[in-house]
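Engineer: fold the following.
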Amino acid sequence: MNRENKRKSFEKGYYKNNPCNDSFTCKKCGRLVTPEGAGSNHRNHCPNCLTSLHLDIEPGDREADCGGIMEPVAVWVKYNGEWAIIHRCKRCGTLSSNRISADDNPMKLMSVALKPIAFPPFPLERIEEMTRLMGGEGTIK
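Structural biologist: The predicted structure is shown next:
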């Protein structure tokens, strides 16, 4: 094992300050994911299905013992206009935020972003009634 591989394996927080050049196979869709095309030094999710693994407690520390699949549940826009994905661990429920990558599937990103609109928390047929109950006029024009 060369010196750099030893550092990756044994140095706490190695990936906080060093790029991750390792490829991996997505645990959900089976696609080989390479670091090229990500647009950053830290590839942390599959660009095809946006799924990640629960490896870190703090970004880059590799200290999470869970190892569960992190599914994309939402997106949000940072103060500078950059999008980020909210992942939730299917095993322990932990939430984390990850920057999108340059080669992420735009249709999957939009699908995640539009999910609350496609599946609202209330029946759309009752929107007029609910608006009236909140003191609004209640009519849709």
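Engineer: excluding chain neighbours, what is closest to residue 22?
Structural biologist: What sits nearest to residue 22 in space, not counting adjacent residues and going by Cβ to Cβ, 6 or more residues apart in numbering, is residue 35, at 7.3 Å. All C-beta atoms are positioned from the backbone trio N, CA, C, and that covers glycine.
Engineer: same thing with residue 104?
Structural biologist: Sequence neighbours aside, residue 47 is the residue nearest to residue 104 in space, at 4.8 Å (criterion: Cβ to Cβ, 6+ apart).
Engineer: next, count neighbours for residue 113.
Structural biologist: Residues lying near residue 113 (other Cβ atoms under 10 Å) number 16.
Engineer: so what's residue 116 up against?
Structural biologist: By Cβ atoms under 8 Å, 6 or more residues apart in numbering, residue 116 lies in contact with residue 74.
Engineer: how about residue 48?
Structural biologist: With contact taken as Cβ under 8 Å, 6+ apart, residue 48 is in contact with 26, 29, 31, 33, 105, 108.
Engineer: returning to that earlier point: doesn't the residue nearest to residue 22 fall inside a strand?
Structural biologist: No. Read with DSSP: H, G, I helix; E, B strand; the rest coil, residue 35 is coil and lies in no strand.
Engineer: my guess is it contacts residue 23, does it?
Structural biologist: Yes. With contact defined as Cβ atoms under 8 Å, residue 35 counts as touching residue 23 (6.9 Å).
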